[in-house]
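Trainee: The sequence and its predicted three-dimensional model are supplied below.
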Amino acid sequence: MEYVTIAYIPSSHLDLYWLGNYKTCLERGAQLIHSYLDRCLATPDETFLLETVVFADYFLFKYLIIAIN
């Protein structure tokens, strides 16, 4: 019998405007991304895939501004 390895990757995604208006969605998305990244740093075998460019762009802009200040 030949064994096959199957990787199960649970996932979800954020829909823009699902959490409220545009600004609210981006802010909530940035908070979620930040908490997921913290979790990944604390647990080496955790991974996180960010699929929506607008959330990634806003997150980088928001936290780059914080890091500079």
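Mentor: Cool, the structure landed.
Trainee: For residue 7, report the pLDDT, please.
Mentor: Residue-level confidence at residue 7 comes out at 60, pLDDT.
Trainee: ok, residue 25 touching residue 17?
Mentor: Yes. Counting by CB atoms under 8 Å, residue 17 is a contact partner of residue 25 at 5.7 Å. For every residue, glycine as well, the C-beta is placed using N, CA and C.
Trainee: Quick check: buried residues in the helix ranked longest in the chain?
Mentor: Scanning the chain for the helix with the most residues, using DSSP state H, yields helix 22-42. For helix 22-42, the neighbour count (16 or more other CB atoms under 10 Å) marks 25, 26, 29, 30, 32, 33 as buried.
Trainee: Only C-alpha atoms, please: export it in PDB.
Mentor: Output of helix 22-42 as PDB, limited to C-alpha atoms (Å, rounded to 0.1, in the frame of the first residue of the first chain):
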ATOM      1  CA  TYR A  22     -14.900  51.300   3.800                       C
ATOM      2  CA  LYS A  23     -12.800  52.800   6.500                       C
ATOM      3  CA  THR A  24     -14.300  50.600   9.200                       C
ATOM      4  CA  CYS A  25     -13.500  47.500   7.100                       C
ATOM      5  CA  LEU A  26      -9.900  48.500   6.500                       C
ATOM      6  CA  GLU A  27      -9.400  49.300  10.200                       C
ATOM      7  CA  ARG A  28     -10.900  46.000  11.400                       C
ATOM      8  CA  GLY A  29      -8.900  44.100   8.700                       C
ATOM      9  CA  ALA A  30      -5.700  45.700   9.900                       C
ATOM     10  CA  GLN A  31      -6.500  44.700  13.500                       C
ATOM     11  CA  LEU A  32      -7.100  41.100  12.400                       C
ATOM     12  CA  ILE A  33      -4.000  41.000  10.300                       C
ATOM     13  CA  HIS A  34      -1.900  42.300  13.200                       C
ATOM     14  CA  SER A  35      -3.300  39.700  15.600                       C
ATOM     15  CA  TYR A  36      -2.700  36.900  13.100                       C
ATOM     16  CA  LEU A  37       0.800  38.000  12.500                       C
ATOM     17  CA  ASP A  38       1.500  38.200  16.300                       C
ATOM     18  CA  ARG A  39       0.100  34.600  16.500                       C
ATOM     19  CA  CYS A  40       2.400  33.500  13.700                       C
ATOM     20  CA  LEU A  41       5.400  35.000  15.500                       C
ATOM     21  CA  ALA A  42       4.500  33.300  18.800                       C
END
